[in-house]
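Colleague: Okay, here's the prediction I keep looking at, along with the sequence it came from:
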Amino acid sequence: FTHAKLVFDHDLSDKVTLKYGTEWFRNEYKEQVQADGTEKWDQSTNHLGTFGEANIFFSNKLMLRAGLRSEYNDLNNAFKLYPRSSLGWKMTQCSQLSIAYGIFAQTAGTDYLKWQPALEQEQATHYILSYQYNNGGRIFRTEAYFKDYQRLITSNILTSRQRVLTNDGYGYAKGFELFWRDNKTLKGADYWVSYTFLDTERKDGIFTHPVVPYYASKHNMSVVYKQFVQAIKSQVGVTFSVASGRPYTDPNTGEFNSRMTPAYKDLSINFSYLIKPSLILHSSISNILGFENIFG
């Protein structure tokens, strides 16, 4: 795998800056399978991307970033354009509101391309609204988003050596994130809390209709606390994480994707001792309460 990238920055004025460039990806793949006969794959892929974006400062409080990316893939001779933009407004000295829009693409993996080289890139359109407050050691950030997935890859496996792959998959993801961090209120302490909510369905892989993916957890939260003890040059940390269950298919029920795994829970502790400025002794214990988590 080879990746080369060249980027230029250029200031047109005090209020307009440009960034533009190009990048090239090359992937060479060879595979030979011997099972009831020899089967071989020998594939080389070239992917060329060019991009440009402008930062426009309307004032000290309002800034627009607008960009465009083009991509070409020699496996399917496809040429695509993807616009991206964001607008940021500095509401006060400590707070900022921003909105963003963009179309992003991802090339299919080798395990797919070796069967169907002409597959198109999977595509996602992002809409994001975010707000951040930062006041000398206290940070609050929230973000709401909607992502529209298109051209997802679906797979119909006929035999071990024959499958039908298409780009007729689709889906969505929507939700929000909350984050709070404070290393100012309590002396020697640093703590943060994060929470995410995710609502998503996709028709991809072997799914014949949109479903909640097996890796998607609707609720995720973590709480981290760190306390520095100056007297012994040490830091003690505690982390608690919890996530709601994920869907799976129980073969005993005969219903597809109808069951949920138990919630994931973890309480971990860690200890760091500063032996000298360039040497730290660190130890940690995970899942000290012994929760029996299920990962798959």
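Modeller: Arrived safely. All values reported here derive from a predicted model rather than from experimental measurement.
Colleague: So Arg84 sits against Leu64, correct?
Modeller: No: checked against CB atoms under 8 Å, the pair Arg84 and Leu64 is beyond contact range at 11.8 Å. C-betas here are computed from N, CA, C, even on glycine.
Colleague: Give me the more crowded residue out of these two.
Modeller: Using other CB atoms under 10 Å, the more surrounded residue of Arg84 and Leu64 is Arg84, with 17 against 14.
Colleague: List the residues that contact that one.
Modeller: By CB atoms under 8 Å, 6 or more residues apart in numbering, Arg84 lies in contact with 53, 66-69, 100-104.
Colleague: Can you tell me which of those residues lies closest to Tyr29?
Modeller: Relative to Tyr29, the closest of the contacts of Arg84 is Phe104; by CB to CB it sits at 23.6 Å.
Colleague: How is the residue nearest to that closest one when sequence neighbours are not counted assigned, secondary-structure-wise?
Modeller: Leaving aside its chain neighbours, Phe104 sits nearest to Ala124 (5.2 Å; criterion: CB to CB, 6 or more residues apart in numbering). Per DSSP: H, G, I helix; E, B strand; the rest coil, the secondary structure class of Ala124 is strand.
Colleague: Test my guess that Ala124 contacts Tyr145.
Modeller: No: using CB under 8 Å, Ala124 is not in contact with Tyr145; the gap is 10.8 Å.
Colleague: follow-up on the earlier one: wait, what's in contact with the residue nearest to Phe104?
Modeller: 103-106, 147-150.
Colleague: Let's have those in JSON lines, adding neighbour count.
Modeller: Listed next are these as JSON lines, based on neighbours: other CB atoms under 10 Å:
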{"residue": "Ile103", "neighbour count": "16"}
{"residue": "Phe104", "neighbour count": "14"}
{"residue": "Ala105", "neighbour count": "18"}
{"residue": "Gln106", "neighbour count": "12"}
{"residue": "Lys147", "neighbour count": "16"}
{"residue": "Asp148", "neighbour count": "15"}
{"residue": "Tyr149", "neighbour count": "20"}
{"residue": "Gln150", "neighbour count": "18"}
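Colleague: Let's see the ChimeraX selection covering just the buried ones among the contacts of Arg84.
Modeller: If you want just the buried ones from those in ChimeraX, going by 16 or more other CB atoms under 10 Å, the selection is:
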select :53,67,69,100,102,103
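Colleague: Next up, phi/psi of Phe240, please.
Modeller: phi -120, psi 130 (degrees, to the nearest 10).
Colleague: That one reaches Ser286, doesn't it?
Modeller: No: counting by CB under 8 Å, Phe240 does not reach Ser286; the two are 11.7 Å apart.
Colleague: Alpha carbons only: can I get stretch 167-184 in PDB?
Modeller: Output of stretch 167-184 as PDB, limited to C-alpha atoms (Å, rounded to 0.1, in the frame of the first residue of the first chain):
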ATOM      1  CA  ASN A 167     -24.100  -0.800  -4.000                       C
ATOM      2  CA  ASP A 168     -27.800  -0.800  -3.300                       C
ATOM      3  CA  GLY A 169     -27.500  -0.400   0.500                       C
ATOM      4  CA  TYR A 170     -28.500   2.700   2.500                       C
ATOM      5  CA  GLY A 171     -29.100   3.800   6.000                       C
ATOM      6  CA  TYR A 172     -28.900   6.700   8.500                       C
ATOM      7  CA  ALA A 173     -27.400   7.600  11.900                       C
ATOM      8  CA  LYS A 174     -28.600  10.400  14.100                       C
ATOM      9  CA  GLY A 175     -28.000  11.400  17.600                       C
ATOM     10  CA  PHE A 176     -26.100  13.800  19.900                       C
ATOM     11  CA  GLU A 177     -23.100  14.000  22.200                       C
ATOM     12  CA  LEU A 178     -22.500  15.800  25.500                       C
ATOM     13  CA  PHE A 179     -19.100  16.400  27.000                       C
ATOM     14  CA  TRP A 180     -18.100  18.300  30.200                       C
ATOM     15  CA  ARG A 181     -14.500  18.600  31.600                       C
ATOM     16  CA  ASP A 182     -13.400  20.600  34.600                       C
ATOM     17  CA  ASN A 183      -9.800  20.800  36.000                       C
ATOM     18  CA  LYS A 184     -10.300  24.100  37.800                       C
END
